[in-house]
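> got a structure for you, letters missing:
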């Protein structure tokens, strides 16, 4: 059932108490139960709808998510398997009478929602097929150089209400939005299913020197007008330290000089991007008398 209004499905207001939710559900469950409405597709759809609504609104955590994000936002986070995970069908229909008690629920829910609602070894006799636990996510902020060159970080997170600490390796080359998977550190599985994973969402701090574009790095250096005309040697920063380059005579402002292999390596590869030095020409805002005279002489000679 997609994008349902669960409160409307049960005929209750959003502020209804847990008892009101349960009473509304049981009344409708009796009315639309398949045993009372054989070969009635409309009743069957309604029965499925109210069970899905009750599975969410009777679970404090899911109800909070539904109330916070609304129907559309909730369904982006929860699949139907997630909605019914942990839902106690036997208890929901316990002591209802009228031929709709929990004892006959197994076959009905298996038929309506799929075979994953078969009999198992749980306390009430019902459980989903083995389900992997939910994955968890957390953001991890790293420096520009740690992202570029790799590092190890100590992280702390909560799992099942318990604080855990872990040392993780940040591979060289990670960028904003990169995900690092830590196996088995998510929520516990159900019905014997495996534990979910923890995903670290990487946020890289900006660097005062380098600008990154994929595997390439960019830096800017400014040289005097005379150096642009005559050429110059200057030191430029790289991730491995300063490197001297030659700026040819007559270079134009905005020209980029490429240093091959001085960029950032790709994750899982030894191949590196390049570093580009963008050359700017410094024009002084104020000239002293001697400088002004020299510039005027250059201007007179066509420079």
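Thanks, I have the structure now. For clarity, every value in this text was computed on a predicted model and none was experimentally measured. Residues are numbered from 1 along each chain as shown.
> Contacts only, for residue 259.
Neighbour list for residue 259: 236, 238, 243, 245, 274-277 [criterion: Cβ atoms under 8 Å, 6 or more residues apart in numbering]. Just so you know, the C-beta spots here come from the backbone N, C-alpha and C atoms, and that holds for glycine as well.
> So it versus residue 220, what's the distance?
14 Å (Cβ to Cβ, to the nearest Å).
> joint contacts of the two?
residue 277.
> if we can go back for a sec, most neighbours among the contacts of residue 259, which one?
In terms of neighbours by other Cβ atoms under 10 Å, these top out with residue 275 at 24 neighbours.
> If we ignore the residues flanking it in sequence, what's nearest that one?
Spatial nearest neighbour of residue 275, excluding adjacent residues (Cβ to Cβ, 6 or more residues apart in numbering): residue 262 at 3.8 Å.
> so where do the strands sit in this structure?
Secondary structure of the chain by DSSP state E: the strands cover 136-142, 151-159, 162-170, 179-182, 198-204, 211-213, 216-224, 232-236, 243-247, 256-259, 275-282.
> now for the shortest one, which elements pack on it?
Right, strand 211-213. Other helices and strands packing on strand 211-213, by 3 or more Cβ pairs under 8 Å, 6 or more residues apart in numbering; DSSP states H and E, are strand 216-224.
> and if you look at the second one?
Counting contacts by 3+ Cβ pairs under 8 Å, 6+ apart, strand 151-159 is packed against strand 136-142, strand 162-170, strand 198-204.
> Kindly recompute the last result at 7 Å.
strand 136-142, strand 162-170 (3 or more Cβ pairs under 7 Å, 6 or more residues apart in numbering; DSSP states H and E).
> so what's the residue nearest to residue 275 up against?
Going by Cβ atoms under 7 Å, 6 or more residues apart in numbering, residue 262 touches 238, 274-275.
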